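1. Sharing a model prediction with you, sequence too.
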Amino acid sequence: MKWATFDCFGTLVDWRHGISTSAELVAPGKGERLLAAYIRHEAVVQKESPGLRYREVLAESLRRACAQEGVALGDDDVSVLAATIPYWPVFPEVGAELSALRAAGWNLALLTNCDRDLIAETQRRLPVPFDAVVTSEDVGAYKPADAHFDRFRRAHAPDPWVHVAQSYMHDMEPAHRLGIRRVWINRQAERPKDPSIPQEVLPDLHGLLAVVEKAAR
């Protein structure tokens, strides 16, 4: 059975917009600065505490970002990201591109660094249903650890299997390490440390079906 797996935030949902605009609610005019600081802190928090619920990762990473930028947070402010995550916008091309994959016989799954309840809220906004979901809450770890991929492989024995994601560190590196075929959605026009790690590269999801099928061959 052929499977295309996806990271959610950054790949299907505009994670950067969600964090920066949510940060504006508690620190007007500082959303972009807090986004940049947040990105640096989140991976550290996840590595330090792989069993932490994602809503707590969101809160602690925002807390550290605000401390770095000299922004005072109220006690309730640290929950702003978890509160707004169900409303973060889905990229406009997602519906058509995922529908094309499904029409071509691909099963779809999410491998997400998120809690079950938060991804359930987000799925209500995704325009195409998913056949399977693996969360950090399920596996007690955060990507780039292997746990999401290992759980999915054991549960579904996918063949072929193509993983599609925006994050080079969280997704492309472990997928390469584990021998999973992969498509990098390079929305930020980043330069990879090792160009051999992304098997196929797109700037967004437009034309995804052809690239996934190329990667699967």
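-> Perfect, I can see it now. Residues are numbered from 1 along each chain as shown.

2. Please count neighbours and contacts with C-alpha atoms only from this point.
-> Noted.

3. How far does stretch 202-217 sit from its chain's centre?
-> 18 Å (CA atoms, centre = their mean, to the nearest Å).

4. per-residue confidence for residue 131?
-> Listed pLDDT for residue 131 reads 98.

5. how much space is there between it and residue 106?
-> Note on residue 131: its distance to residue 106, by CA to CA, to the nearest Å, is 10 Å.

6. So between those two, which is more surrounded?
-> Between residue 131 and residue 106, residue 106 has the larger neighbour count (other CA atoms under 10 Å), namely 23 against 12.

7. Would you map the strands across the protein?
-> 3-6, 107-112, 132-135, 161-165, 181-185, 200-202 (DSSP state E).

8. Paired strands for the shortest one, with orientation please.
-> Using DSSP bridges, the strands paired with strand 200-202 in its sheet are strand 181-185 (parallel).

9. which residues are contacting the partner strand?
-> Strand 181-185 is contacted from outside by 11, 161-168, 172, 175-176, 198-205, 211-212, 215-216, using CA atoms under 8 Å, 6 or more residues apart in numbering.

10. Could you rerun that using 6 Å?
-> Strand 181-185 is contacted by residues 162-166, 198-204 when judged by CA atoms under 6 Å, 6 or more residues apart in numbering.

11. Just the C-alpha atoms of the longest helix seen in the chain, please, in CSV.
-> Identified as the longest helix of the chain according to DSSP state H is helix 31-48. Extracted as CSV, the C-alpha positions of helix 31-48 are listed here (Å, rounded to 0.1, in the frame of the first residue of the first chain):
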residue,chain,number,x,y,z
GLY,A,31,5.8,39.2,16.5
GLU,A,32,8.6,38.7,14.0
ARG,A,33,11.3,39.1,16.6
LEU,A,34,9.6,36.6,18.8
LEU,A,35,9.1,34.2,16.0
ALA,A,36,12.9,34.2,15.2
ALA,A,37,13.7,33.7,18.9
TYR,A,38,11.0,31.0,19.3
ILE,A,39,12.4,28.9,16.4
ARG,A,40,15.8,28.8,18.1
HIS,A,41,14.4,27.7,21.4
GLU,A,42,11.8,25.2,20.4
ALA,A,43,14.2,22.5,19.2
VAL,A,44,16.2,22.9,22.4
VAL,A,45,13.1,22.5,24.6
GLN,A,46,12.1,19.4,22.7
LYS,A,47,15.5,17.8,23.0
GLU,A,48,15.8,18.6,26.7
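
12. oh, and call the first residue 54 from now on, that's how I've got it
-> All set: I'll call the first residue 54, so the last point we hit is now helix 84-101.
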